[in-house]
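*Asks:* Kindly return the folded structure for what I paste below:
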Amino acid sequence: MRQDGRALLLVLILVLLLGGAAGAYFAFFHSGAKKAPPEVTHQLTLSDLIINLADTDKPHYLSASLSLIVAGESPEEVVEEREAHIRDAVLMVVSRYTYGELLSVEGKEELKRELVTAVTEVLAEHALRVEEVLFTDFVMD
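*Replies:* Sure, this is the predicted structure:
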């Protein structure tokens, strides 16, 4: 009878462990709170940007194209309307960098962060914001 008791105890422990694991799974992955739907984003391209860099010893320039990932409703219309302001913001930010700063990955990442901020400021009154900047062309001389 002693082995029957151990077998029953083992079965009960297994049932409790499996029940606890199932409960934890449902509590963690199937909580009653609904997740918000992902925000709509659009990709907008700015091409053929040629920008003088801030170097004083020797003239350098950046020829670039970039895509902006913009969150919000109908950014195409706003971007078309505000394209000159967006391009101006990009030019003003990029022209503060030197050739040496943009050679490094860190310099490019910092430039992306500054572009996100600058272009978001231009689009903020239209309830749009830049989520990400992607360089599609990046040539310096």
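*Asks:* Quick check: E73 is in a helix.
*Replies:* No - counting by DSSP: H, G, I helix; E, B strand; the rest coil, E73 falls outside a helix, being coil.
*Asks:* Please tell me how far the longest helix along the chain is from the chain's geometric centre.
*Replies:* Secondary structure assigned by DSSP state H gives helix 2-29 as the longest helix of the chain. Centre-to-centre, helix 2-29 and its host chain are 43 Å apart (Cα atoms, centre = their mean, to the nearest Å).
*Asks:* Could you do stretch 123-139 as well?
*Replies:* With Cα atoms, centre = their mean, you get 10 Å for stretch 123-139.
*Asks:* got the buried residues for that stretch?
*Replies:* For stretch 123-139, the neighbour count (16 or more other Cβ atoms under 10 Å) marks 123, 126, 128-130, 133 as buried. C-beta: built from backbone N, CA, C; applies to glycine.
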